[in-house]
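> let me see the structure of the following:
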Amino acid sequence: MTFTIGQRVRTTVDAPAAWVGAYSAPAGTLGTITGLELFGSYGVLLDGDPDQMAASYTADELRPA
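The predicted structure follows:
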């Protein structure tokens, strides 16, 4: 599946915090594509992430919202 910048998506996998105090999100979290596929993954800004840092997801870890 291919996604576009600005497209709303839902994750299919958990996203554990990358460091102490970082945001973690369960599978099913909504987000917005902010970066096109590069090196096999998309940049996704997850809803509720207070740092507003895009997370990296492969196409098979995302579904259209």
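> and the residue most central in space within the chain, what's its pLDDT?
The centroid of the chain falls nearest to Val44 when counting by Cα atoms, centre = their mean (3.4 Å). With respect to pLDDT, Val44 has a value of 97.
> wait, Tyr23 sits on Leu45?
No: counting by Cβ atoms under 8 Å, Tyr23 sits too far from Leu45 to count as a contact (10.8 Å). In this view, the C-beta of every residue, glycine as well, is placed from N, C-alpha and C.
> identify the contacts common to those two.
Met53 (Cβ atoms under 8 Å, 6 or more residues apart in numbering).
> about what we covered before: helix or strand: which one has the residue nearest to the centre of the chain?
Using DSSP states H and E, Val44 sits in strand 41-46.
> tell me which residues in the longest strand seen in the chain are buried?
Longest strand in the chain, counting residues (DSSP state E): strand 30-38. Of the residues in strand 30-38, those buried by neighbour count under the rule 16 or more other Cβ atoms under 10 Å are Gly31, Thr32, Ile33, Thr34.
> give the buried residues for the helix or strand just after the strand holding Val44.
For strand 41-46, the following helix or strand on the C-terminal side (DSSP H and E) is strand 55-57. Buried positions in strand 55-57, judged by neighbour count with 16+ other Cβ under 10 Å: Ala55, Tyr57.
> give me the contacts around strand 55-57.
9, 11, 13, 15, 25, 31, 41-46, 49.
> just checking, what packs against the longest strand of the chain?
strand 8-11, strand 41-46 (3 or more Cβ pairs under 8 Å, 6 or more residues apart in numbering; DSSP states H and E).
> now with 10 Å?
Where contact means 3 or more Cβ pairs under 10 Å, 6 or more residues apart in numbering; DSSP states H and E, strand 30-38 is packed against strand 8-11, strand 41-46, strand 55-57.
> closest one to Thr2 among those?
strand 41-46 (9.5 Å; Cβ to Cβ).
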